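[1] with the sequence up front, the predicted model follows.
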Amino acid sequence: MNIKQIRLLAYVALIGWVGFKYGYPFYKTFNAPSETKELYGTLLSDGLPWQTYAHSTLGNNIYMMELGEGESTTLIFGGFHGDEPGGFHLVVELARYLYANPDLIKSRVVFVPVLNPDGLLENKRLNSNKTDINRNFPTMNWTPVYSDYSYYPGREAGSEVETQVALRLLAEYKPAKIISIHSSLHLINFDGHALSLASEMARSNGYEIANHIGYATPGSFGTYAGKELDIPTITLELPLYDPEQAWKDNKEALIKAINF
């Protein structure tokens, strides 16, 4: 093989690597809405004991499942924002895995794979009232002022059906800790007394830990549950949509968090 052929092969390899690096994430993201709708539509027929806990503003099912037993409860949410489907997929995958391997957990865990199904099914951040659920909680810093339509906090604190469902879950289960899964900041954000829990998760998934995300979040669930109710609260921020990689990275971290 001469030098020209070697250079040509190297050039082709470089083009292929660049195409895969940048094209594959785009391909995964492009397929996210259809994959997500399909998964949501099959939950009740997948053999797991999913229950319809409540209904969204448009009447879509907000599913819930309990596994394990004991006085301590871990509450795990996905899908506050409908355009962040990775959390929905990860919560469902975790529920399936632990249903098949119940001995891995030492206490009760409650899964809510999507709090905002209206947004999820339309691949939109907001709920059907065009409200950001994660700015609608009745925190002391809630404000009707917002900088962008994507952060619209609602007509008043706690105005949204989906917000009220989360509040009802908190009151009913009185969780010892909470994990809410978002994307795509690729970090572990914590509120309240949750640094040790965040550190335990980071030892498994290698994510950066932060107690803020660089901008104000009035009316957020983390502020309400973690700071004001003093429930250790983790916001697990996944990278870009890739359900297989998210599961690989976070399986052990989430199991450790449940047993922490």
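    Yep, that arrived. Numbers count the residues shown, from 1 in each chain.
[2] check which helix or strand the spatially most central residue of the chain maps to.
    Taking Cα atoms, centre = their mean, the centroid of the chain lies closest to I181, which sits 2.1 Å from it. Here I181 sits within strand 177-183, counting by DSSP states H and E.
[3] and what of L121?
    helix 117-122.
[4] so how far is that helix from its chain's centroid?
    Its chain's average C-alpha position is 14 Å from that of helix 117-122, according to Cα atoms, centre = their mean, to the nearest Å.
[5] now do the helix or strand following that helix and strand 177-183, the angle between them.
    Next in sequence after helix 117-122, counting helices and strands by DSSP H and E, comes helix 161-173. If you take axes from the mean of the first three to the mean of the last three Cα atoms, to 10 degrees, helix 161-173 sits at 150 degrees to strand 177-183.
[6] how about helix 161-173: buried residues?
    Judged by neighbour count using 16 or more other Cβ atoms under 10 Å, the buried positions of helix 161-173 are V161, E162, T163, V165, A166, L167, L169, L170, Y173. Placement of C-beta: from N, CA and C, glycine included.
[7] try stretch 249-260
    Neighbour counts over stretch 249-260 (16+ other Cβ under 10 Å) mark D249, N250, K251, A253, L254, I255, A257, I258, F260 as buried.
[8] neighbouring contacts of it?
    Residues outside stretch 249-260 that contact it (Cβ atoms under 8 Å, 6 or more residues apart in numbering) are 74, 76, 90, 94, 97-98, 104-107, 109, 177, 179, 196-197, 200-206, 234, 236, 238.
[9] ok, 6 Å please
    Outside of stretch 249-260, the residues within contact range by Cβ atoms under 6 Å, 6 or more residues apart in numbering are T74, L94, L104, I105, K106, V109, I179, L197, E200, M201, S204, N205.
[10] max pairwise distance over the residues you listed: which two?
    K106 and N205 (20.2 Å; Cβ to Cβ).
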